[in-house]
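> Okay, predicted coordinates and the sequence, questions at the end:
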Amino acid sequence: MPTRETEAAPMEGAPLIRPSSTDNPLYPSIVEACRTVYDPEIPVNIFDLGLVYTIDISDEGDVGVVMTLTAPGCPVAGEMPGWLADAIDPLPGVKTVNVEITFDPPWGMDMMSDEARLELGFM
């Protein structure tokens, strides 16, 4: 699957999180699929928690997701990428799904959406 350069050292001022393919027509349905996956310890979906960093969609329908976890020792670390892939894979127009876990940058509570903060009582 064609992806943006990830091996090169980040350029000065480059974002820590690669931008998503928000202009792709599949993007809204993939976001909705991400919102069906929940961290079992937190009653908020992983998209609004800010765990989904990048959704990269090729013109051919290959989807690459870069996500993180709230903590490296998360008990579902081995399962959550599969849950997310299973949520995205059946969508019309999606050819393949690859979910990658990263801890760079580490997740922080500031990455949550306003909806997530409200749900968890932080607003």
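Alright, I've got the coordinates.
> Now do stretch 100-112, average pLDDT.
What stretch 100-112 shows for mean pLDDT is 91.
> OK, contacts around the residue most central in space within the chain?
Central residue of the chain (Cα atoms, centre = their mean): residue 52, 2.0 Å from the mean position. Residue 52 sits next to 34, 46, 65-67, 84 when contact means Cβ atoms under 8 Å, 6 or more residues apart in numbering. (C-beta placed from N, C-alpha, C; glycine too.)
> quick one: residue 66 is in a helix?
No - for residue 66, which was evaluated using DSSP: H, G, I helix; E, B strand; the rest coil, the result is strand, with no helix membership.
> Name the nearest residue to it, sequence neighbours excluded.
residue 54 (4.2 Å; Cβ to Cβ, 6 or more residues apart in numbering).
> helix, strand or coil for the one you found?
Assignment for residue 54 (three-state DSSP): strand.
> State the distance from it to residue 43.
Taking Cβ to Cβ, to the nearest Å as the measure, residue 54 and residue 43 are separated by 24 Å.
> Residue 95 too?
Counting by Cβ to Cβ, the gap from residue 95 to residue 43 is 33 Å.
> show me where pLDDT drops low in the chain?
1-15 (pLDDT under 70).
> And the helices in it, which stretches?
Taking DSSP state H as the criterion, the chain carries its helices at 27-34, 46-49, 80-88, 114-119.
> Please work out which of these is packed deepest.
helix 46-49 (a mean of 23; mean count of other Cβ atoms under 10 Å).
> chain center to it: distance?
Distance, stretch centre to chain centre, for helix 46-49: 8 Å (Cα atoms, centre = their mean, to the nearest Å).
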